[in-house]
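In: predicted coordinates and the sequence they were generated for:
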Amino acid sequence: MTAVAIDGPAGAGKSTAARAAAKRLGYIYVDTGAMYRAVGVRMLALGISPKESGRVEEALKGLSVSLRFTEEGQRVLLNGEDVTGLIRTPEASRAASDFSALPCVRSFLLGLQQDLAKTNSVVMDGRDVGTVVLPWAQVKIFLTASPEERARRRHQELLEKGEAPSYEEILSDMLARDYQDSHREIAPLRPASDAVLLDSTGLTLDEVVERIVGLVRKKEA
Ligand code: DC
């Protein structure tokens with residue numbers, strides 16, 4: 001099995017690049033952020049706050065998160081129900097970041113993430129894949145881009161979907177989430193000591209994918 005770990009801040013283009021690289025390599029693409037989003041959305045629906053770690057722990061007991069891999073990409077299932085379409089809202093982003101700081105939430109998802117990489121070659125993206133989930137990954141990449149570029153791309157994406165939050169709102173949400181994800185006690189966002197740093201500012205998607213696939217091919221040689 002080969003594992004490629006891609007970590008980095010929100011909006012660096014991880015998921016688009018990881019999905020395309022996985023397709024080129026014939027690996028499965030695992031979006032760990034989607035799992036945190038699914039948990040966050042469920043906690044919001046149950047009216048639980050991230051401050052109530054006891055209630056979160058209790059709620060996790062009745063929860064199953066699973067992934068289904070289709071030609072069109074990864075689907076996220078919450079207790080068997082497909083929630084893929086519900087997890088991309090700004091509220092879900094915030095909830096994912098808030099609840100992901102809790103140790104019980106992280107350990108709930110860790111085993112599932114590790115199991116996927118034991119039985120499949122994967123490109124997995126997130127915040128702690130190279131440092132905590134798959135420290136043995138053969139290729140680790142820390143993908144960044146300037147905050148302005150990241151916010152500009154996310155703004156464009158949302159406009160194309162017909163949604164229109166302001167650029168300033170996206171930038172400030174993104175910076176707040178990055179701060180929270182990098183400063184939490186457990187599994188904070190940071191590059192693994194053996195990660196290759198890749199700044200995608202000014203690069204096209206194809207160039208980023210080419211770099212990722214090139215690093216994998218070099219390892220295989
Ligand atoms: O990649 P994303 O934007 O979908 O992730 C949403 C949130 O989930 C992110 O702000 C922090 C959390 N997350 C995490 O803590 N660890 C991961 N491996 C992936 C995501």
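Out: Everything's here; your move. Numbering: from 1, shown residues only.

In: drop to CA atoms for contacts and neighbour counts, all remaining ones
Out: Fine.

In: what pLDDT does Leu158 get?
Out: We have a pLDDT of 85 for Leu158.

In: give me the number of residues near it?
Out: Counted with other CA atoms under 10 Å, residues neighbouring Leu158 total 14.

In: need phi/psi at the closest residue to it other than its chain neighbours.
Out: Spatial nearest neighbour of Leu158, excluding adjacent residues (CA to CA, 6 or more residues apart in numbering): Ala164 at 6.4 Å. With angles defined as degrees, to the nearest 10, Ala164 sits at phi -140, psi 60.

In: enumerate the residues of this protein near the ligand.
Out: 10, 32-34, 36-37, 93, 96-97, 100, 126-129, 177, 181 (CA under 6 Å from any ligand atom).

In: which stretches of this structure form helices?
Out: Along the chain, counting by DSSP state H, helices occupy 14-25, 32-45, 53-61, 90-99, 103-119, 147-160, 167-183, 205-220.

In: least reliable of those by average pLDDT, please.
Out: When I compare these, helix 147-160 is least confident, with a mean of 91.

In: can you give me how far it is from the chain middle?
Out: Offset of helix 147-160 from its chain centre (CA atoms, centre = their mean, to the nearest Å): 17 Å.

In: that older thread, and which of the residues of the chain next to the ligand is nearest Glu207?
Out: Glu207 has its nearest neighbour among the residues of the chain next to the ligand in Ala10, at 19.3 Å by CA to CA.

In: just to revisit the earlier point, Thr70 is nearest to which of the helices of the chain?
Out: Nearest of the helices of the chain (CA to CA): helix 14-25, 11.8 Å.

In: how far does that closest one sit from its chain's centre?
Out: Relative to its chain's centre, helix 14-25 lies at 13 Å (CA atoms, centre = their mean).

In: quick check: angle from that helix to helix 205-220?
Out: Angle, helix 14-25 to helix 205-220, by axes from the mean of the first three to the mean of the last three CA atoms, to 10 degrees: 50 degrees.

In: ok so, going back, what subset of the residues of the chain next to the ligand is buried?
Out: By neighbour count, with 16 or more other CA atoms under 10 Å, the residues of the chain next to the ligand hold 10, 32-34, 36-37, 93, 96-97, 100, 126-129, 177, 181 as buried.
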